[in-house]
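> fold the following, please.
(one chain, ligands or ions: 2)
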Amino acid sequence: MTIPETTNTTRAANPSAIFAPGLLDGQVVLVSGGGSGLGRAAVLELVALGARVAICGRRADALEDTAASAGAACSTHVCDIRDEDQVDRLVDDVLARHGRIDTLVNNAGGQFLAPAETISPKGFRTVTRLNLDGTWLMTHAVATKAMIPAGPDGRPAGGKVVSVTLSPHHGLPGMVHSSAARAAVENMMRELSIEWARFGIRLNAIAAGQFATDIFMTKYPRPMVDAAAGLVPLGRLGTPEEFAWLVAYLASPAGDFFSGSVLTLDGARDNHTGPWPAAGSADAAGNPLTEARQTRDPSAQAPR
Ligand SMILES: CCC/C=C/C(=O)SCCNC(=O)CCNC(=O)[C@H](O)C(C)(C)COP(=O)([O-])OP(=O)([O-])OC[C@H]1O[C@@H](n2cnc3c(N)ncnc32)[C@H](O)[C@@H]1OP(=O)([O-])[O-]
Ligand SMILES: NC(=O)C1=CN([C@@H]2O[C@H](COP(=O)(O)OP(=O)(O)OC[C@H]3O[C@@H](n4cnc5c(N)ncnc54)[C@H](OP(=O)(O)O)[C@@H]3O)[C@@H](O)[C@H]2O)C=CC1
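Ligands and ions are numbered 1, 2, ... in the order given. From the prediction side, this is the model:
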């Protein structure tokens, strides 16, 4: 069924602070977990740029809340991404409603914080099922139903997939299940970027550092949240808007040559375990300590 391409003429109230209006005119984006946090910020940015956006999640009220802010260009779909039948239905519904899916944003995910030795087999499975299996179900269903089938020109429609993963990559204590699942998702994006290049599908991951979303600020133990910014060399948490801008960039033509990449968005959290200079390696004014330059005895180097 061919549905005429339409344009989002009801732009969201707040224009983008970065990109020109109309950058994503004519595009359809499916955002999982669009009812809250990073997903919600991405939805508002995408709509502001002219995209029509379908959002899914388990809680209808959260989805409706985002849609109320995003306007008529946003459709809501209750779906648990862990359930194959629900995911199939979701993608069919989005195609029936919008006619195409240009970009899938696999943002839905999460975990609980617990020492590895206390995590039960069911707890481990719960988190890998959400972050890895759920991401696979969504990616496979969107690719096979919307991106691999022929478009109007008889060639595969193609598209983009952006999956949210986790920084730091060198291990996040208390999150062995999520660290394992997100690493798998990154390699899934890399592998599929090779296999599905022939269909014009580009797949990337955004490895998110710590962002000041409502859930991040409230779900985890207070001391951990309070300490989080101190572990970021740039000295602060990310904002949901900064995440949303990267999603919009990748969805735009500027993102067309990105595929198989992991874009780490974390204020350098991945590269260091704290601000620098760290305690003990700064002088009284806070400047990094510098080694005194060695002086050489010129006579030692003189030719004999
Ligand atoms: C530095 C931070 C960086 C990252 C930040 C973010 O991602 S911010 C964004 C964060 N956003 C999100 O995380 C949002 C999405 N997250 C979620 O929906 C949940 O956190 C979920 C992933 C647990 C899934 O929920 P669900 O309703 O499907 O699952 P359920 O509740 O029915 O539990 C199933 C099983 O899991 C186990 N278990 C669960 N909790 C604990 C625990 N505290 N302790 C120990 N174990 C726990 C337990 O085995 C349980 O079975 P039981 O013992 O009951 O028979
Ligand atoms: N904030 C941060 O610092 C970081 C976040 N991340 C990741 O970024 C993503 C967004 O995080 P954030 O916005 O902070 O957190 P939120 O908890 O606000 O977002 C997670 C979203 O996923 C949805 N979701 C969860 N489980 C399912 C499911 N089974 N089916 C469908 N939707 C589901 C939730 O909606 P509902 O409950 O209605 O289903 C929710 O809207 C997550 O994957 C998170 O783990 C990664 C690194 C750091």
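> C-alpha only now, for contacts and for neighbours.
Fine.
> got the contact list for M147?
M147 makes contact with I101, D102, P156, A157, G158, G159, F199, I201, according to Cα atoms under 8 Å, 6 or more residues apart in numbering.
> please redo it, this time with the cut-off set to 7 Å
For M147, the contacting residues are P156, A157, G158, G159, by Cα atoms under 7 Å, 6 or more residues apart in numbering.
> where's the last one relative to F199, distance?
Computed with Cα to Cα, to the nearest Å, the distance linking G159 and F199 is 8 Å.
> the two: which has the busier surroundings?
Just comparing G159 and F199: by other Cα atoms under 10 Å the higher neighbour count belongs to G159, 24 against 18.
> who's in contact with stretch 208-220?
37-38, 164-168, 225, 237-240, 264-266, 269.
> that's a strand at T218, yeah?
No. Judged by DSSP: H, G, I helix; E, B strand; the rest coil, T218 forms no part of a strand; its state is helix.
> and the gap between it and ligand 1?
Relative to ligand 1, T218 is positioned 9 Å away (Cα to the nearest ligand atom, to the nearest Å).
> next one: I18
25 Å.
> that residue: how many residues sit nearby?
Applying the criterion other Cα under 10 Å, we find 10 residues in the vicinity of I18.
> sec struct for the residue lying closest to it once chain neighbours are set aside, please.
The spatial neighbour of I18 that comes closest, neighbours along the chain excluded (Cα to Cα, 6 or more residues apart in numbering), is W245 at 7.5 Å. Here W245 takes the helix state, with states given by three-state DSSP.
> name only those of the contacts of stretch 208-220 that count as buried.
For the contacts of stretch 208-220, burial is judged from neighbour counts taken by 16 or more other Cα atoms under 10 Å, and it is met by 37-38, 164-168, 225, 237-238, 240, 264-266, 269.
> out of those, which are inside helices?
Secondary-structure check on the buried ones among the contacts of stretch 208-220 using DSSP state H: residues within helices are G37, L38, V225, P240.
> verify the contact between the second one and T239 for me.
Yep, that's L38 we're talking about. No. With contact taken as Cα atoms under 7 Å, L38 and T239 are classed as non-touching, separated by 8.5 Å.
> look up how far D92 lies from D85.
Noted for D85: a distance of 11 Å to D92, by Cα to Cα.
> correction: the previous question concerned P223.
P223 is 44 Å from D92, where distance means Cα to Cα.
> cool, and G34?
Between G34 and D92 the computed distance is 18 Å (Cα to Cα).
> of these two, which one has the most company?
Taking G34 and D92 together and counting by other Cα under 10 Å, G34 has the greater number of neighbours (31 against 16).
> which pLDDT value belongs to that one?
Reading off the confidence values, G34 has pLDDT 98.
> next, the contact list for it, please.
Taking Cα under 7 Å, 6+ apart, we find G34 in contact with R40, V43, I55, C56, G57, L63.
> what of I148?
Under the contact definition (Cα under 7 Å, 6+ apart), the residues listed for I148 are P156, A157, G158, F199.
> most surrounded residue in the residues you listed?
If you count neighbours using other Cα under 10 Å, the busiest of the contacts of I148 is G158, which has 22 neighbours.
> how about the residues of the stretch 101-250 of the chain near ligand 1?
Among all residues of the stretch 101-250 of the chain, those adjacent to ligand 1 (criterion: Cα under 6 Å from any ligand atom) are 109-112, 114, 119-120, 122-123, 126-127, 210, 215-216.
> wait, which of those residues is closest to A96?
G109 (25.6 Å; Cα to Cα).
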